[in-house]
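Peer 1: Can you look at this prediction? I've put the sequence above it.
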Amino acid sequence: MPGEITSLGAGVAGPFNFQLNQAFNFMLPILAGYIAMSIADRPGLAAGFVGGWIAKQGYTLGYLSTAMDSEAQAALVSGGFLGALLAGFVAGYLMLGIERALEKLPSSIEGIKPILLYPVLGVFLTSLIMMGVNPIMGAINSALSGFLNGLSGSSMVLLGIIVAGMQATDVGGPVNKAAYVFGTAALAEQTLSGNMIMAAVMAGGMVPPLPACILGSATAGGLSMLFGCASPAPHGGAWVIAVINNPVQYLIALFAGAAVGCLVLSLLKKPLPPEQSGLAK
């Protein structure tokens, strides 16, 4: 496979690459925080953020008793994107339950609920739950990472075809979102395979507007994988071309996908009668 890179954004300038890596440390906690906020409004934000951070770091209940042990720290396994996703929902619905449970408290302490009771109880309970389930989420995340990192050659091209084609299947719908979630989950692992998957997903998302067609998107995703293109950015398509590995080949993949889409549409779509097209004299 072309592109012998082994870490996030290897083709990117050093300072920018460093800042991008630092930003990824907060991507999952922020995701979890805003998922929780979408469920329970502002009270859910803090609990979701902390739950997402715990998921990313891989903290467990067993880790609490060995927090100063360097070997225990090295053994932590991140729950990754799926763990952060779970943390957001846990924190959000847990906060809704806390709000209902505290409704009958005296009105004299109403003012301290949002600044003390909600955040303290929400963060504490979310942390306990996430530490309890993190071993399971970490195992799932490790298995997924191992599967992705084990792909090479034609397997990666096939995967690119599948995820890019999914992007164009129901633009904005559940199939599209499943492909994007898969791409960002792979990207969060900061590996070459993850970056290549994200590039293929973005290629599939860029083709439909040029026009929309699954075959065109699948072509773009397959070529992106074949060319070894890799993206350290979770969104942006051609707008983040400056940070994509093998940028020229990536643009070729996009335009090839668009060309295939145009060709297929021209073969499948019949010209409208003059009275429907507005060209009637």
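Peer 2: Perfect, I can see it now.
Peer 1: mind listing what residue 79 touches?
Peer 2: By CB atoms under 8 Å, 6 or more residues apart in numbering, the contact set of residue 79 is 55-56, 58, 86-87, 130, 133-134, 137-138, 140-141. Every C-beta, even on glycine, is put in place using the N, C-alpha and C of the backbone.
Peer 1: Try it again at 6 Å.
Peer 2: 55, 134, 137-138, 141 (CB atoms under 6 Å, 6 or more residues apart in numbering).
Peer 1: among these, which are in helices?
Peer 2: 55, 134, 137-138, 141 (DSSP state H).
Peer 1: May I ask which of those has the most neighbours?
Peer 2: residue 55 (32 neighbours; other CB atoms under 10 Å).
Peer 1: related to what we said a few turns ago, can you redo the contacts of residue 79 as a markdown table with distance to residue 196?
Peer 2: Compiled in a markdown table, the contacts of residue 79 are given as follows (distance: CB to CB, whole Å):
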| residue | distance to residue 196 |
| --- | --- |
| 55 | 24 |
| 134 | 28 |
| 137 | 24 |
| 138 | 24 |
| 141 | 19 |
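Peer 1: can you give me the helices for the stretch 1-150 of the chain?
Peer 2: 14-40, 43-57, 70-74, 80-101, 118-150 (DSSP state H, counting those that start in this stretch).
Peer 1: Check those helices for me: which has the lowest mean pLDDT.
Peer 2: When the helices of the stretch 1-150 of the chain are ranked by mean pLDDT, helix 70-74 comes last with a mean of 58.
Peer 1: what's the spacing between residue 162 and residue 118?
Peer 2: 43 Å (CB to CB, to the nearest Å).
Peer 1: Look at these two and report which has more neighbours.
Peer 2: A side-by-side neighbour count of residue 162 and residue 118, using other CB under 10 Å, places residue 118 first with 21 against 16.
Peer 1: Could I get the contacting residues of residue 194?
Peer 2: Residue 194 neighbours (CB under 6 Å, 6+ apart): 186-187.
Peer 1: State the pLDDT value of it.
Peer 2: The model's pLDDT for residue 194 equals 79.
Peer 1: Could you check how far it is from residue 238?
Peer 2: In terms of CB to CB, residue 194 sits 20 Å off from residue 238.
Peer 1: picking up where we left off before, name the stretch among the helices of the stretch 1-150 of the chain that sits most buried.
Peer 2: The highest average neighbour count among these, using mean count of other CB atoms under 10 Å, belongs to helix 43-57 at a mean of 27.
Peer 1: Run the chain-centre distance for that one.
Peer 2: Averaging C-alpha positions (CA atoms, centre = their mean, to the nearest Å) puts helix 43-57 16 Å from its chain's average.
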